[in-house]
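Novice: my questions concern the predicted model and sequence given below.
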Amino acid sequence: MPSSTSSSPDGADERLQEQFDRTIARDQRVEPRDWMPDGYRKTLIRQIAQHAHSEIIGMQPEGDWITRAPSLRRKAILFAKVQDEAGHGLYLYSAAETLGADREDLVERLISGRQKYSSIFNYPTPTFADVGVIGWFVDGAAICNQVPLCRSSYGPYARAMVRVCKEESFHQRQGYELLMTMMRGTEEQRAMVQDAVDRWWWPSLMMFGPPDDDSPNSARSMAWRIKRHSNDELRQRFVDMTVPQAGKLGVTLPDPELRWNEERGRHDFGTPDFTELMRVIKGDGPCNAERIGRRRAAHEEGAWVREAAAAHAAKQARREEQEKEHAA
Ligand code: BYC
């Protein structure tokens, strides 16, 4: 792992720090072999690991509908989307590894509850309309949050985000298209869509994190240009983007305070229940135990695959070593 801070009498650390500060100030990228402060490395590992875990846990709520999708077309779309989420998790674990994190350790931290994942995936998906609303709201929120991360100061994270965002925009559109189809259907289907919208609206706003004046990590992450916008700014963008889409779809967003503010040129909206957010983050949401239990079981059931892969790699390495000895 590249070294971080340590004091030295010849002022080398200050020079490294200045170089790092200059890279950030010029909006250039920090790369894995560059010197970086410990705090920067730790913050990135924290955020990237949480992001990776969110993608992996995020496969479950929609994944539950793969065997029950109403048509072959919907099944194929859903399969592809959930597979994409697995891919996003893997890019992100790789990005965390470039910072010296150990993937096995990260997974262990997830399944033991020591590392977080997004609160949004602790809510249930009782109807197929939930699949559509997750695409529209949750992937829509992810796009608002992640497009600016494509300009994040850490190179591997920023580059992973470019690809992830392209896929997220397909995910959002498939969700919206699914809901459009349901809205053209029966009265019962329209009611199902409205019910899913009512259940997912507030948790989706909570995805952006606590309000700015209660966000302990924001100031530092923004100074390091890991985060480009505050939690409240991104939440506002999401509301402004989603309100006209709701109008076109023909659903009502469940917020009596929601209205266009001519003066600000943006929407005013109500305050999400941040005590609920904190409760869910701490493990007490409707599905936390189920989500982690399932991830832990899948990890344990997959132990034989990891052991076989490790044994194969060790055998290959031994063979290569023997071949080198013969050749010498
Ligand atoms: N849920 O100081 P703050 C997807 C934590 S998946 C849980 O504002 P920060 C998808 C926060 O971590 C995409 N925890 O923190 C997948 C911090 O805790 P620690 C998921 C939350 O980091 C499948 C504490 O609260 N997206 O798109 O400056 C299907 C204080 O917060 C949450 C990402 O992961 C939350 N909602 O800002 C469909 C994006 N909010 O670590 C879709 C990358 C806050 O200090 N992450 N916390 O103990 C970020 O952009 C930022 O980390 C956050 C939080 C905006 C989430």
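Specialist: Everything's here; your move.

Novice: alpha carbons only for contacts and neighbour counts from here, please
Specialist: Noted.

Novice: now the strands for the chain?
Specialist: Under the criterion DSSP state E, strands of the chain are mapped to 259-261, 266-268.

Novice: contact partners for the closest residue to residue 231 other than its chain neighbours?
Specialist: Spatial nearest neighbour of residue 231, chain neighbours left out: residue 208 (5.3 Å); criterion: CA to CA, 6 or more residues apart in numbering. Contacts for residue 208 (CA atoms under 8 Å, 6 or more residues apart in numbering) come out as 141, 145, 231, 232, 234, 235.

Novice: roughly how far does residue 126 sit from residue 159?
Specialist: 35 Å (CA to CA, to the nearest Å).

Novice: next one: residue 148
Specialist: Look at residue 148 and residue 159: by CA to CA, they are 12 Å apart.

Novice: next one: residue 100
Specialist: Going from residue 100 to residue 159 by CA to CA gives 18 Å.

Novice: settle it for me: which of residue 126 and residue 159 has more neighbours?
Specialist: residue 159 (16 against 12; other CA atoms under 10 Å).

Novice: wait, the more buried one touches residue 147, no?
Specialist: No. Counting by CA atoms under 8 Å, residue 147 is not a contact partner of residue 159; they are 11.0 Å apart.

Novice: what's the farthest-apart pair in the contacts of residue 208?
Specialist: For the contacts of residue 208, with distances taken as CA to CA, the pair at the greatest spread is 141 and 232 (12.3 Å).

Novice: which of the two has more residues huddled nearby?
Specialist: Set residue 141 next to residue 232 and count neighbours by other CA under 10 Å: residue 141 wins out with 26 against 17.

Novice: OK, contacts around that one?
Specialist: 204, 205, 207, 208, 235, 238.

Novice: what's the spacing between it and residue 287?
Specialist: 20 Å.

Novice: for residue 243, same thing?
Specialist: 28 Å.

Novice: please apply the same query to residue 273.
Specialist: For residue 273 relative to residue 287 (CA to CA), the value is 18 Å.

Novice: looking at those two, which is more packed in?
Specialist: For residue 273 and residue 287, the more surrounded residue by other CA under 10 Å is residue 287, and the numbers stand at 17 against 13.

Novice: number of nearby residues for the closest residue to residue 45 other than its chain neighbours?
Specialist: Counting by CA to CA, 6+ apart, residue 45 lies nearest to residue 96, which is 5.6 Å off, once chain neighbours are set aside. Residue 96 has 25 neighbouring residues, counting by other CA under 10 Å.

Novice: what pLDDT is listed against residue 96?
Specialist: Looking at residue 96, its pLDDT stands at 98.
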